[in-house]
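Peer 1: My questions are about this predicted structure, shown below with the sequence.
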Amino acid sequence: HTGLSPISAGFVVGHAGLYQALAMFVVAYFIIGMTVLSVCAIATNGALDAGGAYYMISRALGPEFGGSIGIMFFLANVCGSALYVLGLVEAVVDSFGIPPGQNVATGVRVLPQSYWYELLYGTVLLALCLLVCLVGASIYAKATFLIFLIVAGVLGTILVSFFATRPTAVPIHLPHFNSSEIKNGSFTGFSLATLHDNLGGGYGVDYTTGQMMSFSSVFAVMFNGCTGIMAGSNMSGDLKRPSYSIPRGTISAVLFTYLVYNLLAFLMCATCDRTLLQKDYGFLRDISIFPPLVTVGIYAATLSAAMSNLIGASRILYALARDDLFGRALTLAKKTSASGNPVMAVILSWLVVQLVLFSGKLNTIAGVVTTFFLLVYATVNLACLALEWASAPNFRPTFRYFTWHTCLLGIAGCCIMMFLISPVSASASLGFLLILLLALHYLSPSSTWGYISQALIFHQVRKYLLMLDVRKDHVKFWRPQMLLMVQNPRGSSRLIDFVNDLKKSGLYVLGHVELQDLDMLPSDPLQPQQDSWLSLVDKLNVKAFISLTLAPSVRHGVRQLLFTSGLGGMRPNTLVLGFYDDTAPQDGLAQHPAFTSAREEVPLGFPPLRAPTTPKLLSAREYVGIVADALKMLRNVLLARQLESLDKAWELRRAASPPPSIHVWPVNLLRPDSARYADTCSLFLLQMACVLNMARAWRRARLRLFLCVEAGAMPHAQEEKLRQLLKDLRIQAQIQLVPWDAVTRLHWQTRRGPPGGPAEDQEEEEDGAVNFPTNTTQVSDEYVCAANKLVLEQSPVPAVRFLYLPRPPADTSLYPLYLHQLELLTRGLGPTVLVHGVSAVTSTQL
């Protein structure tokens, strides 16, 4: 069923002329040919099941595309079946209908004509198709083979008739519109004059509908006869060897019908005048050497096409129902007979075709059917194109006569012809497709078919990652790329969300270290955990990757992740750790809106939180060692304390004035004698605070920058200098002067030796080496508590504070004291981030 009937060929040639008819054939068969190549490629790339084009598209492009195109292909086949039934009714009425104005049957014209009578005839013919399809595919195959033999005989008779029949005048009755008018058409035999008259177009009124014909409307009717290329693939579930039969049968049918209809068009133009071609679509009976055989052949071919579309629609509906893309809506269509025939799908398809029959005339629905079929063909080409472009190793069809160029040409041809035939139908079809896509995307269950989008994304990401050259990095385009270490997500949900705001479209990796030895285990214990972590990322709606590792200690595990996380130019440049203290962890995940609002349980893959009496997996010395390791690897470090107490939603949405604030202390409070605001670490701290303020959720917050000044140190000059720096960096912040003589006095009182003495000289040496071995020995707990009080006294209470994180001492024996002083400095401050930067991240250049 890959070609139009001889009746339609006469219709096309009569209105379009030979030249335009041949052009229509070329365009139609070009689109069909490109699509056939794609169908053959997909059909030979693996086992096919029921559903034909739907099965191919859904398994290639995923359930959203497959389901939406499946529905449209079902509707196309349903409307196509109705179209052929209406065409057969027209042919029957033309042959056996009582002419208008006559109430008495004469001769063979015994069938009354009216809308309801024609609907009755269509219903009877459709019932015959239903009976054949209900019996099963085997009887359908036998029936179509018998019909093929009949049609082949008729075709031979027609070809002989063009040569054997003598020139004659053929009386034409126009029963539908003018009962009194009788015209004469002429069969002239082979005549150059007739051929010359029929070369150009001569569009007239279609006597069955009263509508004026045009190139697009004629092409729509003609193309409907070419939609049978999917007849074989629609039966893919019933074929013994679909990957063998579909390519050979489809290509043979396309080539055969293309040659036959070009030959028929030429013969018609050379032997029949335009009046005969336009006003009598059944003229082949009048010129045939055996008219009854032509009538039987036309009826048989049209009936076969109607059955083909009906059984194709049922198989598509059955495949859609079996895949459960529409839930319970198609449950009924799953039922099959004992032999496996989807009888309920056949009955449901028959009911829909019966409804379409109420539309009436053939050309009324031709444009819609053509648009639907073209959209399906375009999507088949798209599926093949996507598989080819994805370059997946498992896409290796045995049919190799295609390239991505043929797929692209097929898509372009289908889309152009859609809008040429009917812009309104094309736009409506695309809108309907989009609605189905969105509905399936949000409502359909996930599938295990594999998503071509993932393969295409992988292909493109790999290409762009190779293009991302770290040697071309520039500070202007620096962005934070975070590695957040998480021991148990149950106690870190708000920290995970906070770091997601800090990443500024950069890389974000959630790292986790499992303390086990792979040598002592039968298999990798991390693989079962992967799904729980990925579900966590989805539920928390953070744009993060997951990186899990096994290690004998947490410190070794963090080193592994710092060395190996990321790929190419996308590697973490900043390590984020929770603070090391004795606070009992709280299960924030159970109260997180992502779980409480949806009434879903917390993923079971995560163990309960550590009890307060349970010893930690990490010692204080090892924790500080992780910070030191990261700095040695030139990674920036953030230590987040009490972030789980940050209620971002309340802080940022409260209506109270003033708006929430972010406090920034860019001075090293543990080194009051080197209080500088423009070193690398201070600038990095400013950058991170600014990045947080740029996040959509934090734009209402206000940055407040605290400038610590001493008496006699020209505070206004320092303020103006800092203000100019902020202006150069395009950072909007309010500067607040903070006198801290009382705090620094405590520092100088505990110093050994006066200012400018040996101790100070030694300190400056160490500062130049960016390594402070005696840092913690020079600051007393009393001073640190005073600095903590100074920070705490600044009002209003901020949503979060950013503080300068000093570098750990080189002497590892001082690690516990270093951590102790950090704890004193941040005690009671609420959500606080300690920041140490090692790389330049700000730029004043354009």
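Peer 2: Received the coordinates, thanks.
Peer 1: Tell me how this structure divides into domains.
Peer 2: 6-443, 472-750+775-836 (the TED database).
Peer 1: Rebuild those as a markdown table, extending it with distance to Ser453.
Peer 2: Quick note: C-beta positions are derived from backbone N, CA and C, even for glycine. Output for the domains of the chain, formatted as a markdown table (distance: least, C-beta to C-beta, whole Å):
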| stretch | distance to Ser453 |
| --- | --- |
| domain 6-443 | 6 |
| domain 472-750+775-836 | 17 |
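Peer 1: which one of those domains is the most hemmed in?
Peer 2: domain 6-443 (a mean of 20; mean count of other C-beta atoms under 10 Å).
Peer 1: where exactly do the strands run in this protein?
Peer 2: 168-173, 182-187, 482-485, 508-515, 545-551, 574-578, 636-641, 661-665, 702-709, 734-739, 800-804, 832-836 (DSSP state E).
Peer 1: The shortest one: partners in the sheet, and parallel or antiparallel?
Peer 2: Note on strand 482-485: by DSSP bridges, its sheet partners are strand 508-515 (parallel), strand 574-578 (parallel).
Peer 1: from the chain's centre, how far out does the shortest one sit?
Peer 2: In terms of C-alpha atoms, centre = their mean, to the nearest Å, the centre of strand 574-578 is set 33 Å apart from its chain centre.
Peer 1: try stretch 291-307
Peer 2: Averaging C-alpha positions (C-alpha atoms, centre = their mean) puts stretch 291-307 45 Å from its chain's average.
Peer 1: The closest residue to Thr744 other than its chain neighbours and Phe684, how far apart?
Peer 2: Spatial nearest neighbour of Thr744, chain neighbours left out: Pro672 (4.8 Å); criterion: C-beta to C-beta, 6 or more residues apart in numbering. From Pro672 over to Phe684 the distance is 20 Å, taken as C-beta to C-beta, to the nearest Å.
Peer 1: Kindly report the same for Met694.
Peer 2: 15 Å.
Peer 1: returning to what we had before: with distance to Phe11 and mean pLDDT as extra columns, can I get the strands of the chain in TSV?
Peer 2: What follows is the strands of the chain, written out as TSV (distance: least, C-beta to C-beta, whole Å; pLDDT from 0 to 100):
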stretch	distance to Phe11	mean pLDDT
strand 168-173	14	72
strand 182-187	14	75
strand 482-485	68	94
strand 508-515	63	93
strand 545-551	61	93
strand 574-578	72	95
strand 636-641	75	95
strand 661-665	76	92
strand 702-709	76	88
strand 734-739	80	86
strand 800-804	76	94
strand 832-836	77	95
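Peer 1: Which one, of these, ends up nearest to Leu466?
Peer 2: When the strands of the chain are compared by C-beta to C-beta, strand 545-551 sits nearest Leu466, at 18.6 Å.
Peer 1: what residues does the closest one touch?
Peer 2: Applying C-beta atoms under 8 Å, 6 or more residues apart in numbering, the contact partners of strand 545-551 are 483, 507-518, 524-526, 529-530, 533-534, 537, 557, 560-561, 564-565.
Peer 1: Can you show me the CA trace of it as PDB?
Peer 2: The C-alpha trace of strand 545-551 is given here as PDB (Å, rounded to 0.1, in the frame of the first residue of the first chain):
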ATOM      1  CA  PHE A 545      27.300  16.000  41.000                       C
ATOM      2  CA  ILE A 546      28.000  13.100  43.300                       C
ATOM      3  CA  SER A 547      31.500  11.700  44.000                       C
ATOM      4  CA  LEU A 548      31.900   8.800  46.500                       C
ATOM      5  CA  THR A 549      35.100   7.100  47.500                       C
ATOM      6  CA  LEU A 550      36.500   4.400  49.700                       C
ATOM      7  CA  ALA A 551      39.500   5.200  51.900                       C
END
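Peer 1: want to throw the strands paired with strand 482-485 into a markdown table with distance to Ile298?
Peer 2: Below are the strands paired with strand 482-485 laid out as a markdown table (distance: least, C-beta to C-beta, whole Å):
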| stretch | distance to Ile298 |
| --- | --- |
| strand 508-515 | 68 |
| strand 574-578 | 77 |
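Peer 1: picking up where we left off before, out of the strands of the chain, which comes closest to Gly10?
Peer 2: Of all those, strand 182-187 sits nearest to Gly10, with 10.8 Å by C-beta to C-beta.
Peer 1: related to what we said a few turns ago, roughly how far apart are the residue nearest to Thr744 and His747?
Peer 2: Distance from Pro672 to His747, by C-beta to C-beta: 5 Å.
Peer 1: Touching both of these two, which residues are there?
Peer 2: Contact with both Pro672 and His747 is made by residues Tyr783, according to C-beta under 8 Å, 6+ apart.
Peer 1: on that earlier part again, minimum distance to Ser645: which of the strands paired with strand 482-485 has it?
Peer 2: Short answer: strand 574-578, nearest of the strands paired with strand 482-485 by C-beta to C-beta, at 12.4 Å.
Peer 1: angle of the closest one against strand 636-641?
Peer 2: Using axes from the mean of the first three to the mean of the last three C-alpha atoms, to 10 degrees, the interaxial angle of strand 574-578 with respect to strand 636-641 works out to 20 degrees.
Peer 1: so Val558 makes contact with Val576?
Peer 2: No - the pair Val558 / Val576 is not scored as a contact, 11.2 Å apart, by C-beta atoms under 8 Å.
Peer 1: Show me the common contact partners of these two, please.
Peer 2: Met485.
Peer 1: need the contact list for Gly568.
Peer 2: 465-466, 468, 470.
Peer 1: Nearest to Val664 among those?
Peer 2: The closest of the contacts of Gly568, once distances to Val664 are taken by C-beta to C-beta, is Val470, at 29.8 Å.
Peer 1: tell me the contacts of that closest one?
Peer 2: Val470 neighbours (C-beta under 8 Å, 6+ apart): 568-569.
Peer 1: now do Trp449
Peer 2: 58-59, 62-63.
Peer 1: Repeat that for Ala386.
Peer 2: By C-beta under 8 Å, 6+ apart, the neighbours of Ala386 are 60-61, 452, 455-456.
Peer 1: mind running it again at 10 Å?
Peer 2: Taking C-beta atoms under 10 Å, 6 or more residues apart in numbering, we find Ala386 in contact with 60-62, 65, 392, 395, 404, 407, 452-453, 455-456.
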